[in-house]
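>>> following is a predicted model, sequence given first.
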Amino acid sequence: MTVTGWVLFAALVLGAAQGQVSPATTEGEIYPAAGSARERNCCTSYLPPTAVNSTLRLQALRSTMVPLNISAYIIPATDAHLSEYIAVRDARVRWISGFSGSAGTAVVTQTQALLWTDSRYWIQAEREMDCNWELVRDSSISSITNWLITNIPEGEEIGFDPFLFSIETFKAYDVSLAPGNRILKSLPDNLVDKVWTDRDPVPPDNIFRLPDSMVERTWQMKVEQIRQQIKDNPYKPTAVLLSALDETAWLFNLRGNDIPYNPFFYSYTLLTLDQIWLFVHTERVPEELKLHLNTDCFLENCVQLLAYDSVRTYIETYLTQPKVKVWIGTEYTTRALSELITPEEKVLTSDYSPVLTTKAVKGEKERRILKDAHIRDAVAVMKLLIWLENTVPKGTETELTAARYVNERRSEQEYSKGPSFETISASGPNAALAHYSPTNETSRKLSVDEMYLVDSGGQYLDGTTDITRTVHWGTPTDFQKEAFTRVLMGNIEISRTIFPARTRGVYMEMLGRRALWEVGLNYGHGTGHGVGNYFGVHEWPVGFQSNNIPFDEGMFTSIEPGYYKENEFGIRIEDVAVVVPVTTKYGNNYMTFEIVSLVPYDRKLIDTSIMSPQQLQWLDEYYRKIRAIMGPVLDRQSLKQEKEWMMRNTEPFVSAGDPATVSSLTVTLLVLCRALFQHLS
């Protein structure tokens, strides 16, 4: 998947709905449908049905700003753990503006309200915001600070919640604003929360532990592994502070239900060489779990349970001790916590904490069970594609019914824990919106005349899955076939590449785009992200971006190039792969990718004439793998129709003796032999 909790996906926009403002619309409601346009037109005061009335909300927020003497308030789209996917209770940008995308920053003054976001979400923002808001088609901090310097008088203060700013984000704002004498003011209480009267409470669900059968390393083993890294670090830290939700969940083999689609719970951890402090909502820790964590003692492997909101107090207490130094990962530590760690000699920084970099490499058992999860997941996706193939020509199915169907098929699989994100089920022009998910208002009827993209995934006790397939049930155009094939070529080129261990993904990323670039096409999202064992579907720090860590054996990543033609169709092909060692002729310690997603691509959309022999050979080998693994699985489940469909769709593209399978040297020898034979005769 491309990117991303239900705040990321659940209300993403919104293709076929139509409407205009109704005088009866109340605060925060969706405007009813009546007109024909999809996006707002503030020149004519026209709003689509998906726009949210923000007038009273902005008035309430502005009233809280006056006594604080701040001229602007910055609202990022994240939570106190800098999570990519956030709970509804943390979706402050969405509540104040109506915009439900995962990436955006709002700025509110007494007279203006603006939203900055990137190109993935421009159309969505125009459909979800009312005319109180101005959309800025940029996502850079420099664009925001330039606007603030231009519009906020010198010497005035700009408020922000330090729990929603990373260390680097704060520095970026401060470096730009300070020279212009615009002052960032850290506010202890979030102003949106003050006026959000019906904000959801923290979920009451208990935190729970993973079954022993799904655990390769006990939490005590993991604690010792991280402590050893603390000891080995030449800068001599005495503790590590864990702020990202998946850090604590991984360390203790625990899971929760606080974030939709992500098995996390609100938490922090401060781990020293002889103490473990776990900050959680302690009332949600059952007795069995307390026993598991040894909470009734004070030795080095006893976990001290402390109130979630007391994390700042205890960090301050720890820092009063002499000769202590706290190791933090700057990517996921907030300004609110980092500003406590003073003076400078008491902090050690790295991009990522040792927990995140350690977690990125799966152990032998973790790799095996994560592969098993993808096998079961492939059964569900095959059932979806077969069902659509049979029912779409009847004209009875929609984007929503397709999304529900694949979720139901996943729920039938062993160890299922629900979807790993809101399913992207998109037909025709809706698929051109890379992060679209259907709603009752926007769901299109599926047609044999349109391309269909389904990006979906499942959570299982042993692993997290994410797979995208694009299909066409009728006759695709030549351009659609070429675009699809070039996306597939990019997927294959990354998948088949051989690289030295510890190579950064950013150096390979262009392989996914090269076939598209050659004809002037491109895509506007990332090319892949890490995937974990019953974790977030986007697991940092693995992937192909510049701030991802180098690839090494045992890391799992998605590979997902795409192409999107606005208002017409979208294409994405996504597989999950694990980094494995490969034998080369001369060098040692080289790696490649092994694909663990096991669903064939749509043959109708593949133009083999523009593919290289090596790409076709890789494709046939992949299809042989699908047959070898999935055939017995489908047989055991007595899924005869699915087995026949799988066999039909994994027929080789290159037949025995086809020149595409013959090396160039062999071709040359055949030509010479033929010429010699003709000469002798």
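Yes, it's here. Numbering: from 1, shown residues only.
>>> distance between the strand or helix carrying E408 and the chain's centre?
Element membership of E408, judged by DSSP states H and E, is helix 399-411. Here helix 399-411 is found 20 Å from its chain centre; the criterion is CA atoms, centre = their mean, to the nearest Å.
>>> other residues contacting that helix?
377, 379-381, 383-384, 387-388, 416, 418-419, 423, 425-427, 430, 437-440, 442-444, 446, 452, 454, 456, 458 (CB atoms under 8 Å, 6 or more residues apart in numbering). In short, each C-beta sits where N, CA and C put it, glycine included.
>>> just the buried ones from those residues, in PyMOL syntax?
This is the PyMOL syntax for the buried subset of these, where burial follows 16 or more other CB atoms under 10 Å:
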select buried, resi 377+379+380+381+383+384+387+388+416+419+423+425+426+427+430+437+438+439+442+443+444+446+452+454+456+458
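>>> and the helix holding E408, what's its mean pLDDT?
Mean pLDDT, computed over helix 399-411, is 98.
>>> quick check: next helix or strand after that helix?
strand 416-419.
>>> and the next helix or strand past that following strand?
By DSSP H and E, the next helix or strand past strand 416-419 is strand 424-427.
>>> count the neighbours of T584 for me.
12 (other CB atoms under 10 Å).
>>> in contact with it, which residues?
Contacts of T584 by CB under 8 Å, 6+ apart are I498, Y590.
>>> tell me the SS of it?
coil (DSSP: H, G, I helix; E, B strand; the rest coil).
>>> in the helix holding E408, which residues are buried?
E399, L400, T401, A402, A403, Y405, V406, N407, R409, R410.
>>> same question, stretch 202-220
P203, I207, F208, R209, L210, M214, V215, E216, R217, W219.
>>> just checking, the second one touches N253?
No - at 11.1 Å, I207 and N253 do not qualify as touching, with contact defined as CB atoms under 8 Å.
>>> hmm, back to that, nearest to T497, of the buried residues of stretch 202-220?
Closest approach between the buried residues of stretch 202-220 and T497, by CB to CB: E216, at 28.3 Å.
>>> in a helix, the closest one, correct?
No - per three-state DSSP, E216 lies outside any helix segment and is coil.
>>> where does it fall, phi/psi-wise?
Main-chain torsions, E216, degrees, to the nearest 10: phi -90, psi -40.
>>> cool, R255 as well?
Torsion angles, degrees, to the nearest 10, at R255: phi -140, psi 160.
>>> filter the contacts of helix 399-411 down to just the ones in helices.
In this view, the contacts of helix 399-411 that belong to helices under DSSP state H are D377, V379, A380, V381, K383, L384, W387, L388.
>>> in JSON lines, list the residues you listed along with pLDDT.
Below are the ones in helices among the contacts of helix 399-411 laid out as JSON lines (pLDDT from 0 to 100):
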{"residue": "D377", "pLDDT": "98"}
{"residue": "V379", "pLDDT": "98"}
{"residue": "A380", "pLDDT": "98"}
{"residue": "V381", "pLDDT": "98"}
{"residue": "K383", "pLDDT": "98"}
{"residue": "L384", "pLDDT": "98"}
{"residue": "W387", "pLDDT": "98"}
{"residue": "L388", "pLDDT": "98"}
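>>> for V654, state which of the residues you listed is nearest.
Using CB to CB, those come closest to V654 at V381, 25.2 Å.
>>> buried ones in the host helix or strand of R367?
Using DSSP H and E, the element containing R367 is helix 364-391. Neighbour counts over helix 364-391 (16+ other CB under 10 Å) mark 366-367, 369-388, 391 as buried.
>>> now Y268: phi and psi?
Here Y268 shows phi and psi, under degrees, to the nearest 10, equal to phi -140, psi 160.
>>> how much space separates it from R92?
20 Å (CB to CB, to the nearest Å).
>>> same deal with V324?
For V324, the distance to R92 - CB to CB - is 34 Å.
>>> compare neighbour counts for these two and give me the winner.
The residue with more neighbours, out of V324 and R92, is R92; 24 against 15, by other CB under 10 Å.
>>> average pLDDT across stretch 579-598?
pLDDT averaged over stretch 579-598 gives 96.
>>> so how far does that stretch reach from one end to the other?
16 Å (CA to CA, to the nearest Å).
>>> which positions within it qualify as buried?
Buried residues in stretch 579-598 (16+ other CB under 10 Å): V579, M591, T592, F593, E594, I595, V596, S597, L598.
>>> same check, this time on stretch 148-168
So for stretch 148-168, counting by 16+ other CB under 10 Å, buried means 148-149, 152, 157-167.
>>> same thing with stretch 292-311?
Applying 16+ other CB under 10 Å to stretch 292-311 flags H292, L293, N294, T295, V303, Q304, L305, L306, Y308, V311 as buried.
>>> straight-line length of it, end to end?
22 Å.
>>> mind telling me what element D635 is part of?
Using DSSP H and E, D635 falls in helix 613-636.
>>> and that helix, C-alpha only, in PDB?
What follows is helix 613-636, C-alpha atoms only, in PDB (Å, rounded to 0.1, in the frame of the first residue of the first chain):
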ATOM      1  CA  PRO A 613      13.900 -11.200 -21.800                       C
ATOM      2  CA  GLN A 614      15.200 -10.900 -18.300                       C
ATOM      3  CA  GLN A 615      11.900  -9.400 -17.000                       C
ATOM      4  CA  LEU A 616       9.900 -12.100 -18.700                       C
ATOM      5  CA  GLN A 617      12.100 -14.800 -17.200                       C
ATOM      6  CA  TRP A 618      11.700 -13.200 -13.800                       C
ATOM      7  CA  LEU A 619       7.900 -13.100 -14.200                       C
ATOM      8  CA  ASP A 620       7.700 -16.800 -15.200                       C
ATOM      9  CA  GLU A 621       9.900 -17.800 -12.300                       C
ATOM     10  CA  TYR A 622       7.600 -15.800 -10.000                       C
ATOM     11  CA  TYR A 623       4.600 -17.600 -11.400                       C
ATOM     12  CA  ARG A 624       6.200 -21.000 -10.900                       C
ATOM     13  CA  LYS A 625       6.700 -20.000  -7.300                       C
ATOM     14  CA  ILE A 626       3.000 -19.100  -6.900                       C
ATOM     15  CA  ARG A 627       2.000 -22.400  -8.400                       C
ATOM     16  CA  ALA A 628       4.400 -24.400  -6.100                       C
ATOM     17  CA  ILE A 629       3.300 -22.700  -2.900                       C
ATOM     18  CA  MET A 630      -0.400 -21.900  -3.500                       C
ATOM     19  CA  GLY A 631      -1.300 -25.000  -5.400                       C
ATOM     20  CA  PRO A 632      -1.000 -27.300  -2.400                       C
ATOM     21  CA  VAL A 633      -2.700 -24.700  -0.200                       C
ATOM     22  CA  LEU A 634      -5.700 -24.400  -2.400                       C
ATOM     23  CA  ASP A 635      -5.900 -28.200  -2.700                       C
ATOM     24  CA  ARG A 636      -5.900 -28.700   1.000                       C
END
